[in-house]
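Chemist: Turn this into a structure:
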Amino acid sequence: MDTVTLEPSLYTVKAVLILDNDGERLYAKYYDGTYPSVKEQKAFERNIFSKTHRTDSEIALLEGLTVVYKSNIDLFFYVIGSSHENELMLMAVLNCLFDSLSQMLRRNVERRALLENMEGLFLAVDEIVDGGVILESDPQQVVHRVALRGEDVPYSEQTVTQVLQSAKEQIKWSLLR
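Modeler: As a prediction, the model looks like this:
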């Protein structure tokens, strides 16, 4: 019997998806070339939604991939890995994403609140997974880092008073050097 040994890899996550209760994409980030075109991605998303939206389980094997998922009100959260991936690692990513969003949205994890805070979602996913590598699984850390990154508001979105205050601070610090 020939056994195939797989080298351990940090590239754990193949995709993170959030679909609404009609199976439409609200957020999708694919980390490898498994589904290179948008057409293939949408077909995969339709397939995954049709297989999971009526079940109470948290894990599925679909198209040779491990899918962990969770639903809440009108949202479906998915984290996808390869078929040999550790489900607990994928579930840790899913729970971290959900718990981070829950804190950021003040426990109001539903479609409208999520759409109003897409920037926070993008930052949270970037803090949790980078290029398919899991960086963080503690929601407290994710929320803290998102809050820090959110403070770096571009000048175009600041009020004149905020820009002047920032300029005063920079001048003060340059004079003190």
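Chemist: residue nearest the centroid of the protein?
Modeler: By C-alpha atoms, centre = their mean, the chain has its centre lying nearest to Val125, at 3.1 Å.
Chemist: Now do the contacts for the nearest residue to Thr34 once chain neighbours are set aside.
Modeler: Leaving aside its chain neighbours, Thr34 sits nearest to Lys14 (5.7 Å; criterion: C-beta to C-beta, 6 or more residues apart in numbering). Placement of C-beta: from N, CA and C, glycine included. Listed by C-beta atoms under 8 Å, 6 or more residues apart in numbering, the contact partners of Lys14 are Tyr30, Tyr31, Asp32, Thr34, Leu65, Ile80, Gly81, Ser82, Gly132.
Chemist: Next secondary structure after the one helix or strand Arg145 maps to?
Modeler: Assigned by DSSP states H and E, Arg145 belongs to helix 139-150. Using DSSP H and E, the next helix or strand after helix 139-150 towards the C-terminus is helix 160-176.
Chemist: Helix or strand, whichever it is, which one in this protein has the lowest mean pLDDT?
Modeler: helix 160-176 (a mean of 71; mean pLDDT, DSSP states H and E).
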